[in-house]
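Engineer: The amino acid sequence is not available; the structure is as follows:
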Ligand SMILES: Nc1ncnc2c1ncn2[C@@H]1O[C@H](COP(=O)(O)OP(=O)(O)OP(=O)(O)O)[C@@H](O)[C@H]1O
C-alpha cells in the first residue's frame, strides 16, 4: 500500500513538475517571463534580459496572472509532437524526469516534495516581489515619461505660442508695410494725377496760345495781302495813268516833231539861200583879195592876230582865277562849311542860314526850345555837349586856347550833327571833312592839309574843324598798309596841331577810337561817347521824324507857292498815331541807331505814299516797324552779332 501511495505521489510530482516546466517553457516562449527552475535542474535555455525596456504598446504579461487569449494560444505549439523537432525544448521534461527520479530515490519523497514545493513558493514570492519592483520602476519610468512628455508638450506649446505671436507680429508688420506701400502708391498716383492735370492744363494753354498766335498771324497775313493788293492796284492805276500820259505825250511829240521838221526844212532852205548869197559875196571878195596882193596880206594878219588874242585872254583868265581860288577859296578837302566858298560869300551864307533856321523853327534857334537843333541825345550827353559849347564860346571871348574833342560811338548816333550844333552854339564857323578823302590825294595830301589849316586860320570867328571817320586818316602810323603819302599827311596834321590853337578847334569822330594814332589821342582834351539811343531817346526820335517826314511833309506841300506850277503829291492823312503806339515802336526798336530810326520813318512815309488813300494808320505804322525790326535783327545776325544782345 505504501508503495502504491508513493507511486501515486511520484506520478503527481511528475505531472506537477511537468506542469511547472511547461509553464516555465511557455513563459519563456512568450518572451520575457521569469524562468522557473526546479532545484537541480540546469536549463540550456538563454537567461532573460534583466532590464530590457517593456514594449510601449503592450505592457509585459504578469506571471501567474496570464490569461490565455485566443491570439496568444497559437504561440504554444500544439501542432508539433513534443519531439526533438525544432522549437521543442525537452529540458523541463528532462528536469521533471530528473526530479521524479530524485523523488523515487528519496526515502521520504513526500517531504521532499513539500520542500520542493515550498522552495518553489518562496521563489514565486521573490519573483512576485521583483515583479512589483519592476512594475514600480515601470510606473516611475512611465511617470517620468509622462512628465517629460508633459514638459515637452508644454515647451512645444510655448514654442507654438511664441511662433504664433511672432506670426501675428510678422503678419501685423506685413500688413503695416502693405498699407504703407499702398499709401505710397496712392500718393504717387495722386502726384502723377496732379502732374498730368497740370501738364494737360499747360498743353491746353499752349494750344490756346498757338491758336491765338495763328489767328493773329493769319489776320496779319490777310491784312498784309490786302495792303499789297491795294498797293498793286494803286500801282497799276498809276501805271495806266502814266501810260495814258506817255501816249498823249508821244502823240504831242510826234506833232511837234512834224512841225519842227517842217520848220527845219524851211530854215534849211532859208540858210542855203543865205549861205549861197554869202558865198557869192565872199567869193566876190576873195576874188578881189586874191587878185589884189596888199588886201590879201592885211586879211591874213588880221585873222591870226584875232585868234592869238582870244587864246591869250582865256588862258590868262584861267591862271588868275586859279590863283584867286587858291588864295581865297575853300580847300577841296572841305565837304561842308558854314563859311561860304569865298570870303565875300560867308557873311551872306551865314545870314541866309540863320534866316532859314529861324523860319524853320518859328523864330527859335533850336527845336528843343533850349536851342539844340534836331539832335536828340541822352540827357547827360546833351548837357555835356552844351557845357562844351559854352566853354568854347567863352574861350573865344577870352582869347584862350581851344580844347580839342573826340566823339566816338556806333555809326549814326549823331556825332556829326552834335559837332555841327556845337559849332553853331559856340558861335564858331565849322568845316567838315572826311578822313577817307585824304588817301586818294596821294602826294598832294600834304599840300592840301597845309592849305586847309591856312584857310581855317583865316576865320575871324574861329573854326571848328570836324574830321569824320577820323580813323581812316589818323590811324596808327606804323601800320603796314599805310602809304607813305598818308603817313606824311598825318605828320602834317600833327605838325599843325602840335600847339594849342586859338583859331581852330579840332573835333574828331570815329567808330573805332582804339585805332587812332597815339600822338593824335594825345592832342585830345575832351572825349565824348555817343551810345545807341535809349528808349526815351528813341521815342523822341520817332516823334521828331514822324513830324519831319509825315506831318510837316504834307504841310509843306500846301503852303508852297510852287504848288501852283508843280503837280502835287497827295496830302498825308494821319489817323490814330498815339503816343502809346509810338512808345510801343520805341520799345520794339531796341538797338536801333538814330540813323536807323530816321530811315525807318522814311520807310513809313514811302509806305504811306504807296497806300491807296495816302493815309497813315496804326496798322500800317506797326507793319513797317515790325518789318524794319526783323530786318535789323537779320542784319545783325549776318554780321555775326547776337540780335538780343542790346535788349
Ligand atoms: N541823336 C540824333 N538825333 C537826331 N537824329 C539823329 C541822331 N543820330 C542820328 N540821327 C540821324 O542819323 C543821321 C546820321 O547822323 P550823324 O551823321 O550825325 O551820325 P554819325 O554818328 O556821325 O554817323 P557816322 O559815324 O556813320 O558818321 C542824321 O542825319 C539823322 O537823320
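Structural biologist: Done, it's in. Small disclaimer: the values here were computed from a predicted structure and weren't measured. Numbering: from 1, shown residues only.
Engineer: measure residue 195 to the ligand for me?
Structural biologist: Counting by Cβ to the nearest ligand atom, to the nearest Å, the gap from residue 195 to the ligand is 54 Å. From N, CA and C alone the C-beta is placed, and that goes for glycine too.
Engineer: How about the contacts made by that residue?
Structural biologist: Applying Cβ atoms under 8 Å, 6 or more residues apart in numbering to residue 195 gives no contacts.
Engineer: is it fair to say it lies in a helix?
Structural biologist: Yes. Applying DSSP: H, G, I helix; E, B strand; the rest coil, one finds residue 195 inside a helix.
Engineer: ok, now which ones touch residue 412?
Structural biologist: Taking Cβ under 8 Å, 6+ apart as the test, what residue 412 contacts is 593-596.
Engineer: Quick check: the two most widely separated of the residues you listed?
Structural biologist: The largest separation in the contacts of residue 412, counting by Cβ to Cβ, is between 594 and 596 at 7.4 Å.
Engineer: more neighbours, those two?
Structural biologist: Comparing residue 594 with residue 596 by neighbour count (other Cβ atoms under 10 Å), the higher total belongs to residue 594, at 25 against 22.
Engineer: Hmm, that one is touching residue 376, no?
Structural biologist: Yes. At 6.9 Å, residue 594 and residue 376 qualify as touching, with contact defined as Cβ atoms under 8 Å.
Engineer: Quick one: name the residues of the stretch 451-600 of the chain near the ligand.
Structural biologist: Residues of the stretch 451-600 of the chain lying close to the ligand by Cβ under 6 Å from any ligand atom are 468, 509, 511, 530, 541, 594-595, 598.
Engineer: quick one: the strands in the stretch 251-400 of the chain?
Structural biologist: Remark: strands assigned in the stretch 251-400 of the chain by DSSP state E, counting those that start in this stretch are 336-337.
Engineer: Same question for the chain.
Structural biologist: 336-337, 405-408, 429-434, 463-468, 504-510, 526-529, 573-574, 615-616 (DSSP state E).
Engineer: Redo the ones you listed as TSV? Include mean neighbour count.
Structural biologist: Output for the strands of the chain, formatted as TSV (neighbours: other Cβ atoms under 10 Å):
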stretch	mean neighbour count
strand 336-337	18
strand 405-408	23
strand 429-434	22
strand 463-468	26
strand 504-510	26
strand 526-529	16
strand 573-574	14
strand 615-616	19
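Engineer: will you turn those into CSV that also has mean pLDDT and distance to residue 634?
Structural biologist: Output for the strands of the chain, formatted as CSV (pLDDT from 0 to 100; distance: least, Cβ to Cβ, whole Å):
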stretch, mean pLDDT, distance to residue 634
strand 336-337, 83, 33
strand 405-408, 92, 27
strand 429-434, 88, 29
strand 463-468, 89, 28
strand 504-510, 90, 27
strand 526-529, 92, 27
strand 573-574, 83, 29
strand 615-616, 86, 25
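Engineer: Now render the ones you listed as TSV, adding distance to residue 148.
Structural biologist: Shown next, in TSV, are those (distance: least, Cβ to Cβ, whole Å):
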stretch	distance to residue 148
strand 336-337	132
strand 405-408	114
strand 429-434	126
strand 463-468	124
strand 504-510	117
strand 526-529	111
strand 573-574	120
strand 615-616	118
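Engineer: If you drop the residues flanking it in sequence, what lies closest to the residue in the chain positioned nearest to the ligand?
Structural biologist: Nearest residue of the chain to the ligand, counting by Cβ to the nearest ligand atom: residue 594, 2.3 Å away. Nearest residue to residue 594, sequence neighbours excluded (Cβ to Cβ, 6 or more residues apart in numbering): residue 414, at 5.1 Å.
Engineer: For burial, what's the neighbour tally of the one you found?
Structural biologist: Neighbour number of residue 414 under other Cβ under 10 Å is 24.
Engineer: doesn't residue 377 make contact with it?
Structural biologist: Yes. Between residue 414 and residue 377 there is a contact at 6.3 Å, judged by Cβ under 8 Å.
Engineer: Overlap in contacts, these two.
Structural biologist: residue 530.
Engineer: follow-up on the earlier one: nearest to residue 98, of the strands of the chain?
Structural biologist: Across the strands of the chain, closest to residue 98 is strand 526-529 (Cβ to Cβ), at 155.9 Å.
Engineer: How much space separates the nearest residue to residue 459 once chain neighbours are set aside from residue 504?
Structural biologist: Distances taken as Cβ to Cβ, 6+ apart place residue 429 nearest to residue 459, at 4.8 Å, with adjacent residues excluded. Distance, residue 429 to residue 504, using Cβ to Cβ, to the nearest Å: 10 Å.
Engineer: quick one: common contacting residues for those two?
Structural biologist: In contact with both residue 429 and residue 504: 462-464, using Cβ under 8 Å, 6+ apart.
Engineer: Kindly report the residues of the chain close to the ligand.
Structural biologist: 374-377, 411-417, 468, 509, 511, 530, 541, 594-595, 598.
Engineer: From those residues, keep the buried residues only.
Structural biologist: Buried members of those, counted by 16 or more other Cβ atoms under 10 Å: 374-377, 412-417, 468, 509, 511, 530, 541, 594, 598.
Engineer: just for the protein, where's the confidence low?
Structural biologist: Flagging of the chain using pLDDT under 70 yields the residue ranges 1-87, 242, 244-246, 324-329, 339-372, 479-480, 554-570, 642-647.
Engineer: got the domain boundaries for it?
Structural biologist: 2-105, 335-531, 539-638 (automatic domain parsing).
Engineer: What is the end-to-end distance of the longest one?
Structural biologist: Separation of the first and last residues of domain 335-531 by Cα to Cα, to the nearest Å is 25 Å.
Engineer: next one: the shortest one
Structural biologist: Using Cα to Cα, the end-to-end distance of domain 539-638 comes out at 27 Å.
Engineer: Tell me how far it lies from the chain's centre.
Structural biologist: 35 Å (Cα atoms, centre = their mean, to the nearest Å).
Engineer: Is the nearest residue to residue 402 once chain neighbours are set aside bridged to anything, and to what?
Structural biologist: Among residues not flanking residue 402 along the chain, residue 505 sits closest, at 4.2 Å (Cβ to Cβ, 6+ apart). In this entry, residue 505 is beta-bridged to residue 464, by DSSP bridges.
Engineer: Just to check, residue 505 is in contact with residue 461?
Structural biologist: No. Residue 505 is not in contact with residue 461 according to Cβ under 8 Å; the separation is 11.2 Å.
Engineer: residues near residue 129, how many?
Structural biologist: 10.
Engineer: contacting residues around it?
Structural biologist: Residue 129 neighbours (Cβ under 8 Å, 6+ apart): none.
Engineer: in the stretch 401-550 of the chain, which spans are helices?
Structural biologist: Along the stretch 401-550 of the chain, counting by DSSP state H, counting those that start in this stretch, helices occupy 415-426, 445-457, 484-496, 518-522, 535-546.
Engineer: closest one to residue 384 among these?
Structural biologist: Once the helices of the stretch 401-550 of the chain are compared by Cβ to Cβ, helix 415-426 is nearest, at 9.9 Å.
Engineer: Identify the residues contacting the closest one?
Structural biologist: By Cβ under 8 Å, 6+ apart, helix 415-426 touches 338, 366, 371-375, 377, 385-386, 388-390, 392-393, 396, 407-409, 429-430, 432, 464, 466, 468, 505, 507, 509, 528, 530.
Engineer: returning to that earlier point: quick one, which of the strands of the chain is nearest to residue 299?
Structural biologist: Proximity to residue 299 (Cβ to Cβ) singles out strand 336-337 among these, at 53.4 Å.
Engineer: partner strands of that closest one, parallel or antiparallel?
Structural biologist: strand 429-434 (antiparallel).
Engineer: quick one, the strand it pairs with and helix 415-426 angle?
Structural biologist: Strand 429-434 runs at 170 degrees relative to helix 415-426, counting by axes from the mean of the first three to the mean of the last three Cα atoms, to 10 degrees.
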